[in-house]
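*Asks:* Provide a 3D model corresponding to the input given below.
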Amino acid sequence: MSIDPRVALQALVTSLEEHLAASASRRREDDPAVEAAYLAIADAFEVYEEVLYDAYGEVTPLEIYEESDDESDDDESDDESDDDERITQGERATP
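*Replies:* Take a look at the predicted model:
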């Protein structure tokens, strides 16, 4: 990839700002604008992580968390400490 890391970082920051705006104007629990903004953050982060590594051999301490169908059934019986772990790994917290 030949994107400058600063450009990718700005795209990530912009996606975070758009997610904040969509969240603040959410009209219902499953608002498609919030979901789209959420996915845009994940996409922008992956691009940033890749160009950062390509340019400098560095990565961030962050990771995109993807929940599978099997995990969602198991997670319902897990304790609160597991919920905290998922949030730190990138799962969207719902109020």
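*Asks:* all contacts plus neighbour counts: C-alpha atoms, from now on.
*Replies:* OK.
*Asks:* Just to check, Pro5 is in contact with Ala55?
*Replies:* Yes - between Pro5 and Ala55 a contact is recorded at 7.3 Å, counting by Cα atoms under 8 Å.
*Asks:* Give me the more crowded residue out of these two.
*Replies:* Pro5 (19 against 13; other Cα atoms under 10 Å).
*Asks:* which residues of the chain score low on pLDDT?
*Replies:* Residue ranges of the chain with pLDDT under 70: 1, 68-95.
*Asks:* so the closest residue to Glu18 other than its chain neighbours is in which element?
*Replies:* For Glu18, ignoring the flanking residues on the chain, the nearest one in space by Cα to Cα, 6 or more residues apart in numbering is Ala37 at 6.3 Å. Using DSSP states H and E, Ala37 sits in helix 32-56.
*Asks:* Which elements pack onto that helix?
*Replies:* helix 5-24 (3 or more Cα pairs under 8 Å, 6 or more residues apart in numbering; DSSP states H and E).
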